[in-house]
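Chemist: take a look and give me a structure for this.
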Amino acid sequence: MRAFLLLPFALVACSDGGDTSDKDASDTDTDTDTDTDTDSDSDVDTDTDTDADTDTDTDTDADTDTGEIPLEADSGYTGAARVVFLVDGATGTVAEPSSVSVYDPATGTNRVVAGLTVRSDSFIDCAGEWIFVLESRTPDGDTDRILRISPDDATYTEWVLGSNFKPRDILAVGAGFWVAASGKPRLLTFNDAGTAGPFIDLSAHSDGDGLPEANGLYARGSSVYATVARQNSTDGSYAGARVVEIDRDTNTITRSADLVGRYPSGKMVANGERLIVHHRSTAAGGKGFNTDGGLEALPLLELASAGLIVDDSVEGVTQSAAAFDPFFARAWLATADSTGAPFVSSYSLLSDARAEHWGTDKAVVGLGAYEGTLWLGENPFEGGTGALVGRSSRSGTESVRVEQSGRVRALSVCAPSTVPEE
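Modeler: Numbering: from 1, shown residues only. Below is the predicted model of the structure:
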């Protein structure tokens, strides 16, 4: 999910520079001819200068690769940058229909997707050229579905799934898409037209209810990583969350790893040679210190958990809202202290230390980072209508506020995974 998200996520392309071996061999032949020694010296001087300049550029690229911005936040999204959010009728019930809004941060214009309403507990994600709303309508006795929305004109098409699929995350893989459906013991695949293809069996990682509860996807190289919550649907107990590694070419599981955190939210990112997984706190009501939410690191070489690098026992309860910022190698979390007071915090994925941290006077629903701005859905704690708010990712200073006619129910920033030029 995204996953903003942004976050699959190689960022810098390097060139080795220099002349070709054919040109060097030609220079050597010319040097053996005494009649053309003068010309040969000229050639060597020119070649040497050019090579040296190119070598310097290559060194700069290497520094960028290893130290400046090691965060890979590639969700596979290639469309225009948009902030997407749901707005309901302010009653606070998930069954009340929500509209879908597509906001352009470059122009400050907002489009409501005409003719579309979804449940307020739907998920928003982006993959390929499209924005997606993943809706589970099983509680209403209807079929679950995926809405594919154009970021340019906010029109949509519908992919019908069936009952009790519970789609949670979507990822562009090759020319098609993979979907994490927590209501089925498998990952779903679709081609670009929305036609279902072969599935990826996850039943070996199910808990007592026969479902692994897949809820997040992330691609890196030839592998796709899926988080499974393994929560019993009857009594809500946890059997131990996992990350599963899948070969994207053969659709087979290659490795898996148990997680320390209890409930992976579905948001992941690669930072150097580590996979970072975000966990939502399972503390009742989002208060108290449950020490099972935060950020967990898994070195990819051995794919074994290194534990929570940020956890609730120290930093405050982690809410479901999280975002990864590829521009500043940051993870952004919405947190609350033991009294329920809300904060927004960022953590450096270079040092695993908290960086920015500021409180809000509104409840935060959704986070997304894009080019130095942190986008939030903010609602009053009791009643009232919400707003889409843009804040400085460093200071928290508000720069944009777009008031809404109802409460904001979900938010995601969809943006191509690019890095600012030095």
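Chemist: contacts only, for His205.
Modeler: Neighbour list for His205: Pro212, Val228, Arg230, Arg242, Val244, Ser256 [criterion: Cβ atoms under 8 Å, 6 or more residues apart in numbering]. To be clear about C-beta, it is placed using only N, CA and C from the backbone, and glycine gets the same treatment.
Chemist: narrow these to those in strands?
Modeler: Val228, Arg242, Val244, Ser256 (DSSP state E).
Chemist: quick check: beta-bridge partners of the first one?
Modeler: Listed by DSSP bridges, the beta-bridge partners for Val228 are Ala214, Arg242.
Chemist: Thr189 - how many residues pack around it?
Modeler: Neighbours of Thr189 under the rule other Cβ atoms under 10 Å: 18.
Chemist: that one should be in a strand, yeah?
Modeler: Yes. Assessed by DSSP: H, G, I helix; E, B strand; the rest coil, Thr189 belongs to a strand.
Chemist: give me the buried subset of the ones in strands among the contacts of His205.
Modeler: Buried subset of the ones in strands among the contacts of His205 (neighbour count, 16 or more other Cβ atoms under 10 Å): Val228, Arg242, Val244, Ser256.
Chemist: residues in contact with the residue lying closest to the last one once chain neighbours are set aside?
Modeler: Excluding the flanking residues, the one nearest Ser256 by Cβ to Cβ, 6 or more residues apart in numbering is Val244, at 4.8 Å. Val244 makes contact with Leu202, His205, Tyr225, Ala226, Thr227, Val228, Ile253, Arg255, Ser256, according to Cβ under 8 Å, 6+ apart.
Chemist: wait, Met100 sits on Asp88?
Modeler: Quick fix: residue 100 is Val, not Met. No. Distance between Val100 and Asp88: 10.9 Å, which falls outside the contact criterion (Cβ atoms under 8 Å).
Chemist: who are the packing partners of the helix or strand encompassing Leu298?
Modeler: Secondary structure from DSSP states H and E places Leu298 in strand 294-299. Secondary-structure packing of strand 294-299 (3 or more Cβ pairs under 8 Å, 6 or more residues apart in numbering; DSSP states H and E): strand 274-279, strand 308-311, strand 330-336.
Chemist: and with 10 Å instead?
Modeler: Here strand 294-299 touches strand 242-247, strand 252-258, strand 264-271, strand 274-279, strand 308-311, helix 312-315, strand 317-325, strand 330-336, going by 3 or more Cβ pairs under 10 Å, 6 or more residues apart in numbering; DSSP states H and E.
Chemist: measure how it sits relative to strand 264-271, angle-wise.
Modeler: 50 degrees (axes from the mean of the first three to the mean of the last three Cα atoms, to 10 degrees).
Chemist: how about low-confidence regions in this structure?
Modeler: Residues of the chain meeting the criterion pLDDT under 70: 1-75, 90-95, 283-291, 313-316, 326-327, 417-422.
Chemist: which parts of it are helices?
Modeler: 21-31, 37-63, 312-315 (DSSP state H).
Chemist: could you tell me how far stretch 184-200 lies from the centre of the chain?
Modeler: On the basis of Cα atoms, centre = their mean, to the nearest Å, stretch 184-200 sits 20 Å off its chain's mean C-alpha point.
Chemist: ok, back up a step: let me have the helices and strands packed on strand 294-299 in JSON lines, adding distance to Pro198 as columns.
Modeler: Formatted as JSON lines, these follow (distance: least, Cβ to Cβ, whole Å):
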{"stretch": "strand 242-247", "distance to Pro198": "12"}
{"stretch": "strand 252-258", "distance to Pro198": "11"}
{"stretch": "strand 264-271", "distance to Pro198": "22"}
{"stretch": "strand 274-279", "distance to Pro198": "25"}
{"stretch": "strand 308-311", "distance to Pro198": "35"}
{"stretch": "helix 312-315", "distance to Pro198": "39"}
{"stretch": "strand 317-325", "distance to Pro198": "30"}
{"stretch": "strand 330-336", "distance to Pro198": "34"}
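Chemist: nearest to Gly128, of these?
Modeler: Smallest distance to Gly128 across the helices and strands packed on strand 294-299 (Cβ to Cβ): 17.9 Å, for strand 264-271.
Chemist: who does the closest one pair up with?
Modeler: Strand 264-271 has these strand partners (DSSP bridges): strand 71-72 (antiparallel), strand 274-279 (antiparallel).
Chemist: can you tell me which of those is most buried?
Modeler: strand 274-279 (a mean of 26; mean count of other Cβ atoms under 10 Å).
Chemist: that one to strand 242-247, inter-axis angle?
Modeler: Using the same axes, to 10 degrees: strand 274-279 against strand 242-247 is 130 degrees.
Chemist: how distant is strand 274-279 from the center of its chain?
Modeler: Between the centre of strand 274-279 and the centre of its chain there are 11 Å (Cα atoms, centre = their mean).
Chemist: just the CA atoms of it, as PDB, please.
Modeler: Taking Å, rounded to 0.1, in the frame of the first residue of the first chain, the C-alpha atoms of strand 274-279 are listed here in PDB:
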ATOM      1  CA  ARG A 274      16.900  -3.700   4.500                       C
ATOM      2  CA  LEU A 275      13.200  -4.100   4.100                       C
ATOM      3  CA  ILE A 276      11.200  -1.800   6.400                       C
ATOM      4  CA  VAL A 277       7.700  -2.800   7.500                       C
ATOM      5  CA  HIS A 278       5.200  -0.500   9.200                       C
ATOM      6  CA  HIS A 279       3.000  -1.900  12.000                       C
END
